[in-house]
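Participant: here is the input, now give the coordinates:
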Amino acid sequence: MPVTPPKGDYLHRMKTIDPTVICINEATKRAVRELHIGIINMMPDTALKKTETQFTMPLHYASGGLFIVPHFIALDGVDRNKKTQQYVDENYITFDQAKENGLDGLIITGANIADPDLRKATFYEPLSDVINWAESDLGPTSTLYSCLASHAYMLIKYGEERTPLQEKRWGVFEHKVRNETHPLTHGMDTVFDIPHSRWNEITEDQFTKYGMPILIASEEAGVHMATSPDGLRSVFWQGHPEYNTNTLLGEFQRDLGISAERRASAEQTPLAPLPKNYFHGKGLSLIEDFRNKVEAGLYHNTEHKGHLPPEIFADIIESTPNRWSSAKRALLSNWIAAIIDKTHEERGKPFMDGVDQDNVFNL
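Facilitator: Residues are numbered from 1 along each chain as shown. Reported below is the predicted structural model:
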């Protein structure tokens, strides 16, 4: 059952997507134990609201009738423009408030940063505080670290530097489940696709040297999902199964515009490449034609600046298959089910009595 905080823009937007959404006040009246999931959204202003729904709507549908309440959490050090900061102030809670109230689960999104050195990120120290709290006796049952957040965890926890890639790992890649009996992968298709979009990675060896099992990986894209040695407390995603069908196209437009501007001042600057295995058929022909026109300078200093005309954007999306939605639903459903199975009935305590916190699933 979709549940939202009692007020704010998010409740209104969710009701336009799913009329069955109710607020937490109504859920409380129905006397059902709700599940409280925090979301620390570090994505840039233009992607903030999209990222909210990319995670929360699949969570709602994965709830199996349980009330799930998302709590959007503002992290100190994440730069926002004035308009977005006002939205965050009105709709997000502080990390201190989240700690005081307690959480059953926590999701930490990725972020776009200019410097590849994570230590130079303005939110590095606040994020370190979150990670340390998340693994304490007062933290959530499980924390899901997405993309850059996974890299930050490995640096903060183990001093492991992420490995720069020679080219952006960008596109949709085939993945295989390594352990079909683990509760986080149980019942999933054994082979499926997941989008990736990153310039760095944590390698399989970096994970396994600390006893962290690899649950899902790709020969071409590397590790997607791993967990902490206990199996649940920390879950790591390097891919983006939460992406909508049009997310990679939007990122391509952004990168194409940036590279086109750089190319105008430095002729040898290459244009952004196409995401691998993403465009197909008519959509592939349309996007290749558009990129060629940008490369020829036909769209430079025009209103487009690397952005597709709306009618072409729509045609491309119509012919672009989404081959990861089932994996997204399964991954989040299994994560929610594991939290429900292991969390304490009292909000603010991570595990029910009797759970071995060093081997949560007794594997």
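
Participant: identify all contacting residues around the longest strand seen in the chain.
Facilitator: For the chain, the strand that runs over the most residues, judged by DSSP state E, is strand 163-177. Defining contact as C-beta atoms under 8 Å, 6 or more residues apart in numbering, one finds that strand 163-177 is touched by 116, 185, 188-203, 206, 215-222, 224, 239, 248, 251, 273-278, 323-324, 327. In this view, the C-beta of every residue, glycine as well, is placed from N, C-alpha and C.

Participant: give the buried residues for the strand or helix carrying Asp205.
Facilitator: Secondary-structure element containing Asp205, defined by DSSP states H and E: helix 204-208. Neighbour-count burial for helix 204-208 flags 206-207 (criterion: 16 or more other C-beta atoms under 10 Å).

Participant: now the element after that helix, going C-ward?
Facilitator: strand 214-218.

Participant: what strands line up against that next one, and which way round?
Facilitator: Applying DSSP bridges to the sheet, strand 214-218 is found paired with strand 163-177 (antiparallel), strand 222-227 (antiparallel).

Participant: which one of these lies nearest to Leu286?
Facilitator: Closest approach to Leu286 among those is made by strand 163-177 (17.2 Å; C-beta to C-beta).

Participant: show the subsequent helix or strand relative to the closest one.
Facilitator: Following strand 163-177 toward the C-terminus (DSSP H and E): strand 191-201.

Participant: give me the angle between that next one and strand 222-227.
Facilitator: Orientation check (axes from the mean of the first three to the mean of the last three C-alpha atoms, to 10 degrees): strand 191-201 against strand 222-227 gives 100 degrees.

Participant: list the buried ones in strand 191-201?
Facilitator: Buried, per 16+ other C-beta under 10 Å, within strand 191-201: 192-198, 200-201.

Participant: now swap in stretch 141-161 and tell me
Facilitator: Applying a neighbour-count criterion of 16+ other C-beta under 10 Å, one finds 141-156, 160-161 buried in stretch 141-161.

Participant: next one: stretch 184-192
Facilitator: Buried residues in stretch 184-192, defined by neighbour count with 16+ other C-beta under 10 Å: 184-185, 188, 192.

Participant: show me what the helix or strand where Leu249 lies is packed up against.
Facilitator: Using DSSP H and E, Leu249 sits in helix 247-265. Helix 247-265 sits against strand 163-177, strand 191-201, helix 281-295, helix 310-318, with contacts defined as 3 or more C-beta pairs under 8 Å, 6 or more residues apart in numbering; DSSP states H and E.

Participant: pick the most deeply packed of the strands paired with strand 214-218.
Facilitator: strand 222-227 (a mean of 24; mean count of other C-beta atoms under 10 Å).

Participant: helix or strand right after that strand?
Facilitator: Later in the chain than strand 222-227, the nearest helix or strand by DSSP H and E is strand 234-237.

Participant: counting by contacts, list what that next one packs against.
Facilitator: strand 142-146, helix 148-158, strand 222-227.

Participant: how much space is there between Ile287 and Pro309?
Facilitator: Separation of Ile287 from Pro309 (C-beta to C-beta, to the nearest Å): 12 Å.

Participant: between the two, who's got more neighbours?
Facilitator: Ile287 (24 against 12; other C-beta atoms under 10 Å).

Participant: helix/strand/coil for the residue lying closest to the more buried one once chain neighbours are set aside?
Facilitator: Residue nearest to Ile287 in three dimensions, not counting chain neighbours: Phe279, with 5.3 Å by C-beta to C-beta, 6 or more residues apart in numbering. The three-state label for Phe279, taken from DSSP: H, G, I helix; E, B strand; the rest coil, comes out as coil.

Participant: domains in this structure, as residue ranges please.
Facilitator: Domains of the chain are assigned by automatic domain parsing as 3-243+323-342, 247-318.

Participant: pick out the shakiest of those, pLDDT-wise.
Facilitator: Lowest mean pLDDT within the domains of the chain: domain 247-318, a mean of 84.

Participant: show me what contacts Ala152?
Facilitator: Taking C-beta under 8 Å, 6+ apart as the criterion, Ala152 is in contact with 118, 121, 124, 127, 131, 145.

Participant: which ones are touching the last one?
Facilitator: Neighbour list for Tyr145: 108, 152-153, 234-237 [criterion: C-beta under 8 Å, 6+ apart].

Participant: try it again with 6 Å
Facilitator: Counting by C-beta atoms under 6 Å, 6 or more residues apart in numbering, Tyr145 touches 108, 153, 236.

Participant: got those residues as JSON lines, with distance to Leu48 columns?
Facilitator: Shown next, in JSON lines, are the contacts of Tyr145 (distance: C-beta to C-beta, whole Å):
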{"residue": "Ile108", "distance to Leu48": "14"}
{"residue": "Tyr153", "distance to Leu48": "22"}
{"residue": "Phe236", "distance to Leu48": "22"}
